[in-house]
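A.B. asks: predicted model, plus sequence, below.
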Amino acid sequence: MTRFLAIGECMIEMSPTPDGTYAMGFAGDTFNSAWYARKLGGPDLDVAYLSAMGDDAPSAQMAEFMRAAGVTPELAVRKGGTVGLYMISLKNGERSFSYWRSASAARTLADDLDSLPAAPGDLALFSGITMAILPESGRRRLLDVLAEARSRGVRICFDPNLRPRLWASTEEMCRWVSEAAKVADIALPSYEDEADFFGDASKRATAERYAAAGASLVVTKDGPEPVLILENGAETLVPPQIVAEITDTTAAGDSFNAGFLTALASGASAAEAADRGCRVSAQVVTKRGALVEIDIPGTGVPA
């Protein structure tokens with residue numbers, strides 16, 4: 001059985017509803033990918049989430065939410081800790097976030113992490129946000145643990161997910177994202193962000209930069225434009241799905257990652273996997289919130 005292990009921070013999400021109130025849930029970039037991976041993956045895929053939580057009621061709720069979704073919690077418990085919270089604001093389908101996460105136990109997820117609970121052939125996903133929430137020592141420790149897992153045959157997947165507000169400076173963000181890229185087999189960048197902060201002139205330039213860091217497979221997302229795949233030097237373009245009306249782009253990239261990686265784990269080619277990722281993402285952006293129900297037969301991914 002293959003394991004899909006996502007690593008990062010799951011938070012309380014307050015998302016706007018059509019009547020102007022807010023609905024409470026749990027979400028976070030890599031957790032969103034795990035949640036969709038459980039929806040999309042077959043019975044031979046074990047989905048797990050590695051983080052840390054507190055010993056309070058919201059933390060216990062979060063762990064139960066994961067179990068109910070079919071995601072195995074790999075959560076260290078921190079005495080006196082709690083769960084971070086964020087609120088989504090929407091304007092014309094685009095979202096902005098307000099965060100309350102300074103006391104989040106997830107910031108300590110790497111404190112006593114010695115090895116990943118993953119075996120050769122498994123997939124482990126982390127992101128730039130995973131890196132951003134950790135202290136400097138935690139970032140280095142996590143990268144060392146990921147490098148060790150990679151040496152054992154675990155396929156390390158990295159979504160840079162550039163969020164400058166979470167970092168002390170853009171220079172710090174770019175430096176640590178570049179360090180994280182060195183441990184990845186699969187990189188999943190978004191071109192618009194990469195162009196803004198790394199100055200890439202094209203999607204190919206973004207892909208080549210991550211390939212030069214060591215990724216054998218780079219999948220560069222570009223909103224409504226074609227996805228560029230660079231695999232061992234060969235380039236493929238995959239057109240996205242046309243969406244008539246976008247409601248909420250929250251989790252668009254996270255759900256793409258889930259569609260792509262679960263398809264890849266099932267034996268699909270990178271191009272087939274990217275097409276499935278596009279189909280999943282196209283459904284997700286038509287609904288409100290990070291975690292939404294999708295029509296699995298319509299994604300082209302076997303249930």
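C.D. replies: Now that the structure is in, tell me what you want to look at.
A.B. asks: and the average pLDDT for the biggest strand by length in the chain is what?
C.D. replies: Determined from DSSP state E, the single longest strand within the chain is strand 45-53. On average, the pLDDT along strand 45-53 is 98.
A.B. asks: over to stretch 96-105?
C.D. replies: Here the average pLDDT along stretch 96-105 is 88.
A.B. asks: so which bits of that stretch are buried?
C.D. replies: For stretch 96-105, the neighbour count (16 or more other C-beta atoms under 10 Å) marks 101, 104-105 as buried. C-beta here means a position set from N, CA and C on the backbone, and glycine is covered the same way.
A.B. asks: just the C-alphas of that stretch, formatted as CSV.
C.D. replies: What follows is stretch 96-105, C-alpha atoms only, in CSV (Å, rounded to 0.1, in the frame of the first residue of the first chain):
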residue,chain,number,x,y,z
SER,A,96,-7.5,37.2,1.0
PHE,A,97,-6.7,35.9,4.5
SER,A,98,-6.5,37.1,8.1
TYR,A,99,-4.5,34.9,10.4
TRP,A,100,-4.3,34.2,14.1
ARG,A,101,-1.6,31.5,14.4
SER,A,102,1.1,32.7,16.8
ALA,A,103,0.1,30.1,19.4
SER,A,104,-0.3,27.3,16.9
ALA,A,105,1.3,24.0,18.0
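A.B. asks: got the contact list for that stretch?
C.D. replies: Contact with stretch 96-105 is made by 9, 11, 51-54, 59, 76-78, 81-89, 107, 133, as judged by C-beta atoms under 8 Å, 6 or more residues apart in numbering.
A.B. asks: go again using 6 Å as the cut-off
C.D. replies: 52-54, 78, 81-82, 84-87, 89 (C-beta atoms under 6 Å, 6 or more residues apart in numbering).
A.B. asks: quick one, helices of the protein?
C.D. replies: Under the criterion DSSP state H, the chain contains helices at 29-40, 57-68, 128-133, 136-151, 170-181, 191-198, 203-213, 252-265, 270-284, 296-299.
A.B. asks: pLDDT of the shortest one, averaged?
C.D. replies: This predicted structure assigns helix 296-299 an average pLDDT of 50.
A.B. asks: what does the first one give?
C.D. replies: For helix 29-40, mean pLDDT is 97.
A.B. asks: the third one too?
C.D. replies: What helix 128-133 shows for mean pLDDT is 98.
A.B. asks: just checking, what packs against that helix?
C.D. replies: The contact analysis (3 or more C-beta pairs under 6 Å, 6 or more residues apart in numbering; DSSP states H and E) places helix 128-133 against helix 170-181.
A.B. asks: now do the contacts for Arg163.
C.D. replies: Here Arg163 is in contact with Ile129 (C-beta under 6 Å, 6+ apart).
A.B. asks: ok, it to Asp200 distance?
C.D. replies: 18 Å (C-beta to C-beta, to the nearest Å).
A.B. asks: got it, and Val227?
C.D. replies: 15 Å.
A.B. asks: swap in Arg140?
C.D. replies: Separation of Arg140 from Asp200 (C-beta to C-beta): 26 Å.
A.B. asks: neighbour count winner among these two?
C.D. replies: A direct count of neighbours by other C-beta atoms under 10 Å for Arg140 and Asp200 places Asp200 higher, at 20 against 14.
A.B. asks: what sits closest to that one if chain neighbours are left out?
C.D. replies: Spatial nearest neighbour of Asp200, chain neighbours left out: Thr206 (4.4 Å); criterion: C-beta to C-beta, 6 or more residues apart in numbering.
A.B. asks: could you count how many residues lie near Ala184?
C.D. replies: Applying other C-beta under 10 Å, we find 26 residues neighbouring Ala184.
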